[in-house]
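Participant: everything below, folded, please.
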Amino acid sequence: MNAPGSRQVIVAGGGIAGLTAALAFARRGFSVQVHERAQNLDQTGAGLQLSPNAVRLLRELGVTAALAGAAVRPDCIALRDMRSLAKLARVKLGDFAEQRWGAPYLVAHRADLHTALIARASRVPDINIVTGSAVRDFALHPDGVTVSIDRDGKVAEAAGRLLVGADGVWSSLRALAGDRGKSTFTGRIAWRAAVRGGGPAAKIIADITEPNSVTAFLHRSSHLIVYPLRGGETINLVAVTKGAALAEGWSRQADPAPLVAAIAGAASEIGGLIKAVANWTVWPIHTVAFAGPWTLGGAFALIGDAAHAMTPYAAQGAAMGIEDAVTLADAFAAAPADAGPALDVWETARGARIDKVIRRGALNRFAWHAAGPVALGRNLFLKTRSPEKLAADLDWLYGWRPPGR
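Facilitator: Numbering: from 1, shown residues only. Okay, here's the model as predicted:
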């Protein structure tokens, strides 16, 4: 790999997956350019869950130290019936998670994780982040890849050994890789809000949840998840319901009347909570069922939502992008000059992992939105599962480690 640019990696997208990729490749001795189309590295969204499989990798990359003051380590995940508020199951986290899976389970604001990634990347001399800079096209050649970059209306070229497409669910690079379709609207929309600790909504939450927990309230057509952020100063709420397609985009203010209608029959406390929140935002949930290829010519790879955006039912979207980034850097660094076969192996392994996570999400959706006899069967099943068995059911997911480690 002695050609010019042979130690240069170009990353399209400065989100969670892209910045994790930059850190992972720099750790492997590569020089990394990150091109983010937005003028500022502001991160939209609200809370996210970081399970031990993701936290372990972030810790290796030196990110968790910068995140420590903002992240919360919950004591448990609790499932409750939205109609009766009865507890259905409880998965222990806290010290138990760290001992069993080798890393803690964390919840954090997406902006805080993004800030921690930027802070870590800014201290690495081999990482250069360029904003207002969009990768518009690329061409593969024997020595790697040449990309066309649009920055402030001016087009320039850059050469590298690898182009990493981390430009999200509405990726433009995915189409260039041969995808014949766009992302698909799932028929579900996500409602998000963040409320101040100590306010009226927070008081309702305190009455219907355990302290310092991730609580999922299950309903026949929707679910609501609640957990603390930023040391309890803020409480994150996210509800998923059926809904009409919206324009592509992350969030917009919304009248919660459709959300109230979607949870008809829920306990009065849930209805009161939704009405007590004044700042609901809503966006469409899109998925990417991209059959591939995710890699081309040993010099291009898609990661994260650009390759396989998934529904939120397994709370693994961010985690899978983090896993993609680290394992891609590992595979590419270990490859000979012709990285094509190594990237093929990486894609096959990641495809199998992603497929399993997607199937777990589909199972969760079926169980969480069950009604009638199916819901009764779900409740009975959960009552028979001990905390140890519930944890064992998650070993394959939370206890996962990159190959060879």
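
Participant: scan this structure for its longest helix.
Facilitator: For the chain, the helix with the greatest residue count under DSSP state H is helix 340-368.

Participant: list the contacts of whatever helix or strand comes next after that one.
Facilitator: As assigned by DSSP states H and E, the chain's next helix or strand after helix 340-368 is helix 372-384. Applying Cβ atoms under 8 Å, 6 or more residues apart in numbering, the external contacts of helix 372-384 come out as 79, 81, 88, 89, 220, 367, 370. The C-beta positions use only the backbone N, C-alpha and C, and glycine is treated the same way.

Participant: which residues does the residue most central in space within the chain contact?
Facilitator: In the chain, the centroid-proximal residue (Cα atoms, centre = their mean) is residue 318; its distance is 1.8 Å. By Cβ under 8 Å, 6+ apart, the residues touching residue 318 are 16, 17, 48, 49, 50, 54, 110, 113.

Participant: and residue 362, by the same measure?
Facilitator: 311, 313.

Participant: low pLDDT regions in the stretch 151-300 of the chain?
Facilitator: The stretch 151-300 of the chain contains residues with pLDDT under 70 at 178-181, 246-253, 290.

Participant: now the nearest residue to residue 396 once chain neighbours are set aside: how far from residue 350?
Facilitator: Residue nearest to residue 396 in three dimensions, not counting chain neighbours: residue 356, with 7.4 Å by Cβ to Cβ, 6 or more residues apart in numbering. Relative to residue 350, residue 356 is positioned 11 Å away (criterion: Cβ to Cβ, to the nearest Å).

Participant: likewise residue 262?
Facilitator: Residue 262 is 34 Å from residue 350, where distance means Cβ to Cβ.

Participant: do residue 82 as well
Facilitator: 35 Å.

Participant: can you check residue 165 too?
Facilitator: Here residue 165 is placed at a distance of 14 Å from residue 350 (Cβ to Cβ).

Participant: show me which pair in the contacts of residue 318 is furthest apart.
Facilitator: Of all pairs drawn from the contacts of residue 318, the one with the longest distance (Cβ to Cβ) is 17 and 49, at 16.0 Å.

Participant: neighbour-wise, which of the two wins?
Facilitator: residue 17 (31 against 23; other Cβ atoms under 10 Å).

Participant: buried stuff in stretch 294-301?
Facilitator: Within stretch 294-301, the residues that qualify as buried are 294, 295, 296, 297, 298, 299, 300, 301, counting by 16 or more other Cβ atoms under 10 Å.

Participant: any chance of these in JSON lines, with distance to residue 6 and secondary structure too?
Facilitator: Formatted as JSON lines, those follow (distance: Cβ to Cβ, whole Å; DSSP: H, G, I helix; E, B strand; the rest coil):
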{"residue": "294", "distance to residue 6": "22", "secondary structure": "coil"}
{"residue": "295", "distance to residue 6": "18", "secondary structure": "strand"}
{"residue": "296", "distance to residue 6": "18", "secondary structure": "strand"}
{"residue": "297", "distance to residue 6": "15", "secondary structure": "coil"}
{"residue": "298", "distance to residue 6": "12", "secondary structure": "coil"}
{"residue": "299", "distance to residue 6": "11", "secondary structure": "coil"}
{"residue": "300", "distance to residue 6": "15", "secondary structure": "strand"}
{"residue": "301", "distance to residue 6": "16", "secondary structure": "strand"}
